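Chemist: Build me a structure from this.
(one chain, ligands or ions: 1)
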Amino acid sequence: MTTTEPTATPVTMPRIGDPAPAFTATTTQGDISFPGDYEGRWVILFSHPADFTPVCTSEFMTFATMEEQFNAYGVDLVGLSIDGLYSHIAWLRTIKEKISFRDMSDVEVTFPLIEDISMEVATKYGMVMPGESATQAVRAVFVIDPKGIIRTIIYYPLSLGRNFDELLRVVVGLRTADEFGVALPADWRPGERVIVPTAGSCGTAKDRMESDDEDLHCEDWFFCTTSLAEDEITSRLRSS
Ligand code: BEZ
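Modeler: Numbers count the residues shown, from 1 in each chain. All right, here's what the predicted structure looks like:
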């Protein structure tokens, strides 16, 4: 007699380049329809394991303190955890009223925090990794562009807080790559040299190597850089 093994439910994980999975949810700032409500804006959708936990508290204080910097580059923030709305509200109030961390105090979190007790959204986005925790989301970060396409995904485990300077670098880098048609080398920061596209849009490799553009420097046919000033990036990204 043959027996049929039970089949596990396939785990779905959206990938870079996929449309952001759609959902509606209740948040600390009212109901949202995602990603439709954010059409035309960049969004960082991120999860944290649980309210009233220390690493998450340090992360929320940092994100809230940097929110204006993200907004200045056209980026909105949306958080999520597998907790209910009243837990979220009580935790954010406690953060504001009681918690000081580094040089941050009296921090008000004004970006939406999604309640996801059913784990519907966390499951859709592959934010729950049972090997780490079956009941809490890991620290996932989805950067979604104005057309609702996922452009970057970063995961951190429960015990390690995210690097928020890196998250800002990611959104500025993505937008710089899009706006200026360039690529960005390892550890790039605004103001540093950028990589010009491979042959095709900018002529042949030979053209490139022999170019009299004094600012273009080629290590070899496949690796050419040029300068791009930080204020040029800032003014372009902040006006578009
Ligand atoms: C924290 O945010 O401190 C935390 C949350 C879940 C597991 C471990 C740490």
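Chemist: Determine if any part of stretch 138-158 is in contact with the ligand.
Modeler: Yes: using C-beta under 6 Å from any ligand atom, stretch 138-158 reaches the ligand at Leu158. (Glycine included, C-beta is placed from N, CA and C.)
Chemist: any idea of the mean pLDDT in that stretch?
Modeler: Mean per-residue pLDDT for stretch 138-158: 98.
Chemist: so where's this protein uncertain?
Modeler: 1-4, 6-10, 198-212 (pLDDT under 70).
Chemist: partner residues bridging the residue nearest in space to the middle of the chain?
Modeler: Nearest to the mean C-alpha position of the chain, by C-alpha atoms, centre = their mean, lies Val143 at 3.4 Å. Beta-bridge partners of Val143, counted by DSSP bridges, are Ile44, Thr152.
Chemist: Quick one: residues contacting it.
Modeler: Taking C-beta atoms under 8 Å, 6 or more residues apart in numbering, we find Val143 in contact with 42-44, 150-153, 170-171, 174.
Chemist: how far away is it from Tyr86?
Modeler: Relative to Tyr86, Val143 is positioned 29 Å away (C-beta to C-beta, to the nearest Å).
Chemist: is it possible to export the contacts of Val143 to CSV including neighbour count?
Modeler: CSV is the format used below for the contacts of Val143 (neighbours: other C-beta atoms under 10 Å):
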residue, neighbour count
Trp42, 19
Val43, 24
Ile44, 22
Ile150, 20
Arg151, 19
Thr152, 16
Ile153, 16
Val170, 17
Val171, 22
Leu174, 18
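Chemist: can I have stretch 188-195 written out in PDB, keeping just the CAs?
Modeler: Taking C-alpha atoms only, stretch 188-195 is exported to PDB below (Å, rounded to 0.1, in the frame of the first residue of the first chain):
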ATOM      1  CA  TRP A 188      29.700  54.200  -2.400                       C
ATOM      2  CA  ARG A 189      28.600  57.300  -0.700                       C
ATOM      3  CA  PRO A 190      27.100  60.400  -2.400                       C
ATOM      4  CA  GLY A 191      29.900  62.600  -3.800                       C
ATOM      5  CA  GLU A 192      32.200  59.600  -4.700                       C
ATOM      6  CA  ARG A 193      32.900  58.500  -8.200                       C
ATOM      7  CA  VAL A 194      30.200  56.500 -10.000                       C
ATOM      8  CA  ILE A 195      30.400  53.700 -12.600                       C
END
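Chemist: what comes up buried for it?
Modeler: Of the residues in stretch 188-195, 188, 190, 193-195 count as buried by neighbour count, 16 or more other C-beta atoms under 10 Å.
Chemist: ok so, going back, out of the contacts of Val143, what pair is the most spread apart?
Modeler: Trp42 and Ile153 (14.5 Å; C-beta to C-beta).
Chemist: just how off-centre is stretch 88-106 within its chain?
Modeler: Put simply, stretch 88-106 sits 23 Å off its chain's centre (C-alpha atoms, centre = their mean, to the nearest Å).
Chemist: Please shift the residue numbers so they start at 59 in all later answers.
Modeler: Shifting the count to begin at 59 puts that one at stretch 146-164.
Chemist: Can that stretch be said to contact the ligand?
Modeler: No: among the residues of stretch 146-164, none lie within reach of the ligand under C-beta under 6 Å from any ligand atom; the closest is 11.0 Å away.
Chemist: what's in contact with stretch 177-193?
Modeler: Contact with stretch 177-193 is made by 69-72, 79, 81, 83, 103, 105, 107, 138, 140, 172, 174, 194-196, 198, 200, 213, 215-216, as judged by C-beta under 8 Å, 6+ apart.
Chemist: start to end distance for it?
Modeler: 9 Å (C-alpha to C-alpha, to the nearest Å).
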